[in-house]
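Trainee: need a 3D model of the sequence below.
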Amino acid sequence: QVQPVESGGGLVQAGGSLRLSCEASGGTFSWLVVGWFRQAPGKGREFTAGIRYIGGTRFYADSAEGRFIISRDNAKNTVYLDMNSLKPEDTAVYYCAAVMDKIGREPRTLSEFDSWGQGTQVTVSS
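Mentor: Next up is the predicted model:
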């Protein structure tokens, strides 16, 4: 089973940008939906963005729409999350997750994904 590995987190000022990467370890992201979730201090883990293998369809949470862009490089087995216009409320641990793609699938809940990374910390200062 593929293991997602996140990188790219760090400290950034409000209004800045950051790129997160999620690399497939022990396999590939072929035929998998890859999603990004985040967990802020004291809160539950929430869906942020996802990208399907079939057609490369992207889908976002309302909080990410218009500011974050998810993309994938299948040759590099890597999925990216470009975060722009960052706000202090974007501060969280960001997790990458994967699950087999199926026609019509746009998973947005934790239980729909079966492979998870360890997370990378993103801190946005005001």
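
Trainee: and the closest residue in space to Gly15 that isn't next to it in sequence, how far from Ser126?
Mentor: In space, Gly15 comes closest to Ser85 once its chain neighbours are excluded; the distance is 6.2 Å by Cβ to Cβ, 6 or more residues apart in numbering. In this view, the C-beta of every residue, glycine as well, is placed from N, C-alpha and C. Per Cβ to Cβ, to the nearest Å, Ser85 is found 14 Å from Ser126.

Trainee: what about the two, which has more around it?
Mentor: Applying other Cβ atoms under 10 Å to Ser85 and Ser126 shows that Ser85 carries more neighbours, namely 12 against 9.

Trainee: need the pLDDT of the more buried one.
Mentor: As predicted, Ser85 sits at a pLDDT of 98.

Trainee: so which strand or helix has it?
Mentor: Counting by DSSP states H and E, there is no helix or strand that carries Ser85.

Trainee: how about the nearest residue to Gly27 once chain neighbours are set aside, what does it touch?
Mentor: Using Cβ to Cβ, 6+ apart and skipping residues adjacent in sequence, the residue nearest Gly27 is Val2, 3.4 Å away. Contact analysis of Val2 by Cβ atoms under 8 Å, 6 or more residues apart in numbering lists 24-29, 32, 98, 115.
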